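Engineer: no sequence for this one, just the structure:
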């Protein structure tokens, strides 16, 4: 690998490498990861045929992508989500808060967790306190009304209080 | 038509128009987030909501393209070229009316064309055996990957990930557990809907949430519509007809997408126009060509799903997910088993276009308000919606965890410019492709020769081979052909540069 690779390109290489190695490991371990795998069975009736075919596609084209990245070939101009103006730390905090939201919904119940999640996430994103609190109240109330009363979605009682 | 279906059409159409105008979110995100809402509905009502969003976004995207030079969708870029100059010179009503009227003609034509052609296509594909279905599905997936020029290897890799993810759980044929690692939750496989909510909804919401807020927002004029301009597209029957046909035909092809059809249609209209010099300066023909082709894509794209059971893009893949959730499998058999559903979808498409047009007459002046929504607030609201959506799939926090994992994966892929749509399509198509392939190989006793013995399968395989070797074949052909032909080939290559993500 050339030392001239940019930080982004190095991250891309590392990410693709992880995917390729993971797929290769699963490919080799397929017989032990499928219950009742019978190597004597004809390949076309084996439950391992399609997973192995899929994993082989990941490995082969992953290697192709790695070669392209290392050669620093033409960079594609298109992307599905425009991340140009996004900030990594805020997005990571948002993802972490979403994980916490799951735990909070179990501990303190869906409604209270939603109020907390929406308010804190909006504040972290830089929304003004009064706006964040208003949105938290409106969004939580609306979602609770629509899903719990309207669509009869059941949420477990708060584990902390029961 | 059922009252609930009509109500669904109305709700979906409003949501679609708003989504088309809102900054940063497309119909894919909206459909992914709202998908769980459709579970309690009948299949036709559920599909109508999603089709309303799909079609409404095409109309809504034209509003921001014309008024503030900001296309809501990639397919609205060509509308901007003539719509914005026309609005700027003081004719926003005319530009909007031209766009809506052309979109309406395109949408209605493609729905009617689909209704007339689909039964014939279904009758033809009804003769397909397992080998033909395997080859068709494989060709469709290859088309998706090929649409990512310069990212083909990455797209194929992601396709492999999607196909593999679809194999986790109990194998439907042998009943063996595959890659479950002893987890009871994985016995039923990785749930599709939370993955789609994560890849499209959560990933996009995290990006919106973390967007640097400048406090500056474009102010959009609040024009009405002009009845006279509504009839103007009919003064250009050639452009209107050609563009509608281009859009419908391109919509049928998997993965090619509306962006390419609007581009082809726009340049064809300019080539055949009496006043090509007016294009780019507010030509009505430019708006007609782009919008008629744009909206006529929906009928073609749904045709492929209904007659072959093969989605061509992320949005139709999610819509196909609704069919599967309701135990309905699209394909030629749909026209035999559930003709009321198949024809109901055609009728829905026509009603959706009528509803959107009526709604736009009322809503257009107020759409300006949606452009001013703060992306960060939008991001937080989408995240809260994704949570409840992923939870309600199986009334379990496991689904929310899967959605979060898929969201983080999608976000990392977005930062590294790795496409995720092939992964979603791979997951949707995996089951169908695997069962068809295993059935084919069981019939042939394990011989791949069956794909060359059956004429349709052989043609499809030949197309796949040509597509795969084309990068090596192209320079060879260029060397063999006369110089003036090479120019044509280069032009065709330039047109192909428009990809899904553009």
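Structural biologist: Okay, I see it. This one's a predicted model, so the numbers in the text were calculated from it and none came from an experiment.

Engineer: Now do the end-to-end distance for stretch B:310-318.
Structural biologist: This stretch, stretch B:310-318, spans 11 Å end to end (C-alpha to C-alpha, to the nearest Å).

Engineer: List of residues touching it?
Structural biologist: Here stretch B:310-318 makes contact (C-beta atoms under 8 Å, 6 or more residues apart in numbering or on different chains) with B:27-28, B:31-32, B:35, B:50, B:54, B:136-137, B:140, B:143-144, B:196, B:200, B:251, B:253-257, B:301-302, B:304-305, B:319-320, B:421, B:424-425, B:428-429, B:500. To be clear about C-beta, it is placed using only N, CA and C from the backbone, and glycine gets the same treatment.

Engineer: Now the residue of the stretch 201-350 of chain B found nearest chain A. Its backbone dihedrals?
Structural biologist: Of all residues in the stretch 201-350 of chain B, residue B:210 sits closest to chain A, with a separation of 3.6 Å (C-beta to the nearest C-beta). The phi and psi values for residue B:210, taken as degrees, to the nearest 10, are phi -100, psi 10.

Engineer: For it, give me its contacts.
Structural biologist: Residue B:210 touches A:86-91, A:94, A:125, B:379, counting by C-beta under 8 Å, 6+ apart.

Engineer: Swap in 10 Å and give it another go.
Structural biologist: By C-beta atoms under 10 Å, 6 or more residues apart in numbering or on different chains, residue B:210 lies in contact with A:83, A:85-95, A:124-126, B:375-376, B:379, B:411.

Engineer: Then residue A:153?
Structural biologist: A:110, A:143-144, A:146-147, B:36, B:39-40, B:388-389, B:391-392, B:395.

Engineer: at 7 Å what do you get?
Structural biologist: A:147, B:392, B:395 (C-beta atoms under 7 Å, 6 or more residues apart in numbering or on different chains).

Engineer: Taking those residues, please make a ChimeraX selection of just the buried ones.
Structural biologist: ChimeraX command restricting those to the buried ones, with burial defined by 16 or more other C-beta atoms under 10 Å in any protein chain shown:
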select /A:147 /B:392
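
Engineer: Let me know the closest of the contacts of residue A:153 to residue A:45.
Structural biologist: Closest to residue A:45 out of the contacts of residue A:153 is residue B:395 (36.6 Å), distances taken as C-beta to C-beta.

Engineer: For residue B:79, see how far away the residue lying closest to the closest one once chain neighbours are set aside is.
Structural biologist: Of all residues not flanking residue B:395 in the chain, residue A:154 sits nearest, at 5.8 Å (C-beta to C-beta, 6 or more residues apart in numbering or on different chains). Taking C-beta to C-beta, to the nearest Å as the measure, residue A:154 falls 45 Å from residue B:79.

Engineer: Counting neighbours, go ahead and name the busier of those two.
Structural biologist: Legend: neighbour count by other C-beta atoms under 10 Å in any protein chain shown for residue A:154 and residue B:79, higher for residue B:79 (32 against 10).

Engineer: mind listing what the more buried one touches?
Structural biologist: By C-beta under 7 Å, 6+ apart, the neighbours of residue B:79 are B:62, B:65-66, B:99, B:287, B:290-291.

Engineer: Tell me which of the residues you listed has the lowest pLDDT.
Structural biologist: Across these, the member with the lowest pLDDT is residue B:65, scoring 79.

Engineer: Contacts only, for that residue.
Structural biologist: Applying C-beta under 7 Å, 6+ apart to residue B:65 gives the contacts B:71, B:76, B:79-80, B:83-84.

Engineer: Please flag which of those sit within helices.
Structural biologist: B:79-80, B:83-84 (DSSP state H).

Engineer: show me the contacts for the nearest residue to residue B:415 once chain neighbours are set aside.
Structural biologist: Ranked by C-beta to C-beta, 6+ apart and with sequence neighbours excluded, the top spatial neighbour of residue B:415 is residue A:83, at 5.5 Å. By C-beta under 7 Å, 6+ apart, residue A:83 lies in contact with B:207, B:414-415.

Engineer: Which secondary structure state does residue A:83 sit in?
Structural biologist: Three-state assignment for residue A:83 (DSSP: H, G, I helix; E, B strand; the rest coil): coil.

Engineer: Report pLDDT for it.
Structural biologist: For residue A:83, pLDDT reads 73.

Engineer: Could you measure from it over to residue A:99?
Structural biologist: Distance from residue A:83 to residue A:99, by C-beta to C-beta: 20 Å.

Engineer: what are the phi and psi values for residue B:177?
Structural biologist: When read as degrees, to the nearest 10, the backbone of residue B:177 gives phi -80, psi 130.

Engineer: Whichever helix in chain A runs longest vs chain B: in contact?
Structural biologist: The longest helix of chain A (DSSP H) is helix A:7-33. Yes: contact of helix A:7-33 with chain B (C-beta under 7 Å from any C-beta of the partner chain) involves A:11-12, A:15, A:19, A:33.

Engineer: can you redo the contacts of residue B:65 as TSV with pLDDT?
Structural biologist: Listed next are those as TSV, based on pLDDT from 0 to 100:
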residue	pLDDT
B:71	68
B:76	75
B:79	86
B:80	84
B:83	88
B:84	85
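
Engineer: how about the residues you listed, which pair is most distant?
Structural biologist: Among the contacts of residue B:65, B:76 and B:84 lie farthest apart (C-beta to C-beta), at 10.8 Å.
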